[in-house]
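Student: Could you look at this predicted model? Sequence included:
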Amino acid sequence: MKPVCVLGNGQLGRMLRQAGEPLGITVFPVGLDVDPEAVPWQQGVITAEIERWPETPLTRELARHNGFVNRDIFPRLADRVTQKQLLDELTLATAPWQLLSSAGEWPTIFSNIGQFAIVKRRTGGYDGRGQWRIRPSDEAQLPADAYGECIVEQGINFSGEVSLVGARARDGRCVFYPLTHNLHEEGILRTSVALPQPNPQLQQQAEQMLSAIMNALNYVGVMAMECFIVDDSLLINELAPRVHNSGHWTQNGASISQFELHLRAILDLPLPTPVVSTPSVMINLIGTELNYDWLAWPLIHLHWYDKEVRAGRKVGHLNLNDRDPVLLAETLQAISSHLPSEYQSGLVWAQEKLAP
């Protein structure tokens, strides 16, 4: 089996390595500044845990390598302008948007898309960074370098946020997990809940949307699509051409995790639809010290990233899954006293999602 080199050595690369070990697949997460001679990229299959990267000796070499799966797709989806243009070309629902070129455009923008706008940097912004909520008279809070480097979207009044994680094989076959319900606070994913029997109408719509995107790009591997629920339909927010934070529950809640599914797809291994038979909850650990007391509850699976703990930094996650949603909700209630105050709203939200 060919080795897999992952461009980027953060937690996603680490979890891809862990998923490869039981299958006899050697996965090398590599930093961007690694000496190209230090990793077996020439004989391997190359993937990435990040959408964009600076030019280094390693990335220059990889850019010429035919084994870099989705190599030309990453920059297209990393830029919000070309990502939005793709959605428009495919006539897939997304928020009204435009490139933000100058401060003089604001009167026209507010007239066209309404009095609440979201400004996002074209590249690099995530977890709430590089984004601003703008209403009339708020324009001055934008830094001068935002103009020409950002898009502006209509602020959407949504009833919920969901994501669909799926994978496409080289022959075009696509498989999907059930929709994941997500709670974001200050732009950061806090909690996810996945149910084995999602809303069939939304699931079908999401699968049709993500299939259209992956097929148009001839994409291979796992991709995540984040959506808003508006009335009874979906509006695409953003795409991630990689394994995704909202799919972490699959490590313990599905027969095949998103990490294994990605490796299977890029290595042309069998790609059956993962079996999901239990509800699952994922709690992001953000800027929180490791606490082994969490392991006192048998439903809790701890995934710790061995990263320095800093405010706002994702340092791990907790997965919980069981056939009995009541037992899951009771566990969430029990661990609430072992998590800081900022987790409490997410725990309550997850319990509500699990209620019959």
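Tutor: Received, thanks. Numbers count the residues shown, from 1 in each chain.

Student: Please look at residue 32 and residue 57 and confirm they touch.
Tutor: No - under the criterion of Cβ atoms under 8 Å, residue 32 makes no contact with residue 57, lying 9.7 Å away. Every residue, glycine included, has its C-beta placed from N, CA and C.

Student: Neighbour count for the two, which is higher?
Tutor: Higher neighbour count among residue 32 and residue 57: residue 32, with 16 against 13, using other Cβ atoms under 10 Å.

Student: and the more buried one, what is it in contact with?
Tutor: Taking Cβ atoms under 8 Å, 6 or more residues apart in numbering, we find residue 32 in contact with 7, 8, 53, 54, 56, 58, 59.

Student: Do I have it right that the fifth one meets residue 30?
Tutor: The reference is to residue 56. No - Residue 56 is not in contact with residue 30 according to Cβ under 8 Å; the separation is 10.7 Å.

Student: per-residue pLDDT, the residue nearest to residue 71 when sequence neighbours are not counted?
Tutor: In space, and not counting its chain neighbours, residue 71 is closest to residue 63: 7.0 Å by Cβ to Cβ, 6 or more residues apart in numbering. pLDDT for residue 63: 79.

Student: ok, residue 63 to residue 38 distance?
Tutor: The gap separating residue 63 from residue 38 is 18 Å, by Cβ to Cβ, to the nearest Å.

Student: cool, and residue 119?
Tutor: 40 Å.

Student: Comparing these two, which shows the higher neighbour count?
Tutor: For the pair residue 119 and residue 38, the greater number of neighbours falls to residue 119 (22 against 11), based on other Cβ under 10 Å.

Student: so how far is residue 175 from residue 49?
Tutor: Applying Cβ to Cβ, the value for residue 49 to residue 175 is 21 Å.

Student: actually residue 91, not the one I typed
Tutor: Distance, residue 91 to residue 175, by Cβ to Cβ: 24 Å.

Student: Which of these two has more residues huddled nearby?
Tutor: Using other Cβ under 10 Å as the criterion, residue 91 and residue 175 rank with residue 175 on top: 19 against 7.

Student: pretty sure residue 25 is touching residue 262, no?
Tutor: No - using Cβ under 8 Å as the test, residue 25 is too far from residue 262 to be in contact (11.0 Å).

Student: Comparing those two, which residue is more hemmed in?
Tutor: Set side by side, residue 25 and residue 262 show more neighbours around residue 262, with 29 against 20, by other Cβ under 10 Å.

Student: wait, what's in contact with the more buried one?
Tutor: Here residue 262 is in contact with 16, 19, 47, 167, 221, 222, 242, 243 (criterion: Cβ under 8 Å, 6+ apart).

Student: Can you say which helix or strand has it in it?
Tutor: For residue 262, the host element (DSSP states H and E) is helix 258-266.

Student: now whatever helix or strand comes next after that helix, how far from the centre of its chain.
Tutor: Downstream of helix 258-266, the next assigned helix or strand under DSSP H and E is strand 280-286. Centre-to-centre, strand 280-286 and its host chain are 13 Å apart (Cα atoms, centre = their mean, to the nearest Å).

Student: what residues does strand 280-286 touch?
Tutor: 188-194, 245-246, 248-250, 252-254, 304, 312-321, 328, 332, 339, 342-343, 346-347, 350, 354.

Student: from these, which ones fall inside helices?
Tutor: Per DSSP state H, helices hold the following members of the contacts of strand 280-286: 250, 252, 253, 328, 332, 346, 347, 350, 354.

Student: Please dump those residues into a markdown table; it should also carry distance to residue 138 for every row.
Tutor: Formatted as a markdown table, these follow (distance: Cβ to Cβ, whole Å):
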| residue | distance to residue 138 |
| --- | --- |
| 250 | 39 |
| 252 | 42 |
| 253 | 41 |
| 328 | 41 |
| 332 | 37 |
| 346 | 28 |
| 347 | 32 |
| 350 | 33 |
| 354 | 38 |
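
Student: tell me the domain ranges of the protein?
Tutor: Split into domains by the TED database, the chain comes to 4-68, 96-154, 160-354.

Student: Now distance to residue 85 too, for the ones you listed, in TSV please.
Tutor: Converted to TSV, the domains of the chain look like this (distance: least, Cβ to Cβ, whole Å):
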stretch	distance to residue 85
domain 4-68	16
domain 96-154	10
domain 160-354	12
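
Student: so which of these gets nearest residue 77?
Tutor: Across these, residue 77 has its closest neighbour in domain 160-354 (4.9 Å, Cβ to Cβ).

Student: residue boundaries of the helices in this protein?
Tutor: Secondary structure of the chain (DSSP H): helices at 11-20, 57-62, 73-78, 80-89, 106-113, 200-217, 250-253, 258-266, 325-335, 344-354.

Student: Output those helices in TSV, with distance to residue 153 appended to each entry.
Tutor: Formatted as TSV, the helices of the chain follow (distance: least, Cβ to Cβ, whole Å):
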stretch	distance to residue 153
helix 11-20	26
helix 57-62	30
helix 73-78	16
helix 80-89	8
helix 106-113	7
helix 200-217	18
helix 250-253	29
helix 258-266	27
helix 325-335	33
helix 344-354	24
